[in-house]
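Q: when you get a sec, could you give me coordinates for this:
(one chain, ligands or ions: 1)
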Amino acid sequence: MSSGQIQDLKNRFEKYLKILNLKNEKILLLTQTYGESAISRDNANWKIEYNINHPEYELVHEIGHIFLYIKINYEYFADPPDNIKSSIFNNQRLMLFFNYCNSLVDCFVDYNISVYSKFFNLFLDYLKEILNGMTNIQPQSQSEQLVEGYLKFYPSFNQILRKTERDKLKNKIENAIELVRNEIINKNPLYSEDIFNELNMELNKFSSIKKTSDHQQILNFLKFVTKKLPEFDNNYVDKNLLLIFPKS
Ligand SMILES: [Zn+2]
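A: All right, here's what the predicted structure looks like:
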């Protein structure tokens, strides 16, 4: 990106903040050319790291975490508590649990910002790109990454995408979801069709709570979905959900 293009991006970023009524938040935008986009917070200062080679929806999504936090008044949907960050980083299993929870929180972020038509169009482009990735799964992709994607995109395609768009992409979506599901079952013996049937039943409940402003409802959704994942037993879910998402 040339410096002119970076400036254009920063201008659009300012416009996005305005649409979401976040002009008063202190948000530093850093651009990078590698890695995943991410958001973090240091006291009242937010930092968004955006990979400029990724779809611009990723930038909107990171802003959306702040939007969700303000709407619901629950900061841990944007950034985990400071005292748990190093534990997450140093414990592979906890990191996996955190990533799965984050995929589910992402669904609420995406739902809340995609109601704005400006963002819905970017979201749609992004989903189309994801669909192509889902139908061309890299052989080296790990089942954990695929589960992470499944938790995020199953609700996105079924319950965030608007009906007209969903109908247009119906066959492609069904095919992609089945491919990912089968790939996970092939790669991870803990997963089976039965597990997915139960998991989907919990994920389908997203549609009845996606509009919620009650963080406890979202946490319950996270709890019941992650309890269907064969990697974690009920005790693990109860204990670690509270660590990552403490009572406010
Ligand atoms: Zn996110």
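
Q: please count neighbours and contacts with C-alpha atoms only from this point.
A: Will do.

Q: and for residue 34, the neighbour number?
A: When neighbours are counted by other CA atoms under 10 Å, residue 34 registers 11.

Q: from the centroid of this structure, which residue is nearest?
A: Geometric centre of the chain, nearest residue: residue 106, 2.6 Å, by CA atoms, centre = their mean.

Q: and the strands in this structure?
A: With DSSP state E as the criterion, the chain has strands at 26-32, 38-42, 45-51.

Q: tell me what angle the first one forms with strand 38-42.
A: Orientation of strand 26-32 against strand 38-42 (axes from the mean of the first three to the mean of the last three CA atoms, to 10 degrees) gives an angle of 140 degrees.

Q: if I look at the nearest residue to residue 210 once chain neighbours are set aside, how far off is residue 157?
A: Nearest residue to residue 210 in three dimensions, chain neighbours excluded: residue 108, at 6.2 Å (CA to CA, 6 or more residues apart in numbering). Distance check for residue 108 against residue 157: by CA to CA, to the nearest Å, it reads 13 Å.

Q: for those two, indicate the residue with more neighbours.
A: residue 108 (25 against 21).

Q: if we can go back for a sec, would you list the strands of the chain in a markdown table and tack on mean pLDDT and mean neighbour count?
A: What follows is the strands of the chain, written out as a markdown table (pLDDT from 0 to 100; neighbours: other CA atoms under 10 Å):
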| stretch | mean pLDDT | mean neighbour count |
| --- | --- | --- |
| strand 26-32 | 95 | 15 |
| strand 38-42 | 91 | 16 |
| strand 45-51 | 95 | 18 |
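
Q: can you say which of the ones you listed is nearest to residue 205?
A: Nearest to residue 205, of all these, is strand 38-42, at 27.2 Å by CA to CA.

Q: what's the distance between the residue lying closest to residue 81 once chain neighbours are set aside and residue 226?
A: Leaving aside its chain neighbours, residue 81 sits nearest to residue 244 (6.7 Å; criterion: CA to CA, 6+ apart). Distance, residue 244 to residue 226, using CA to CA: 13 Å.

Q: good, wrapping up.
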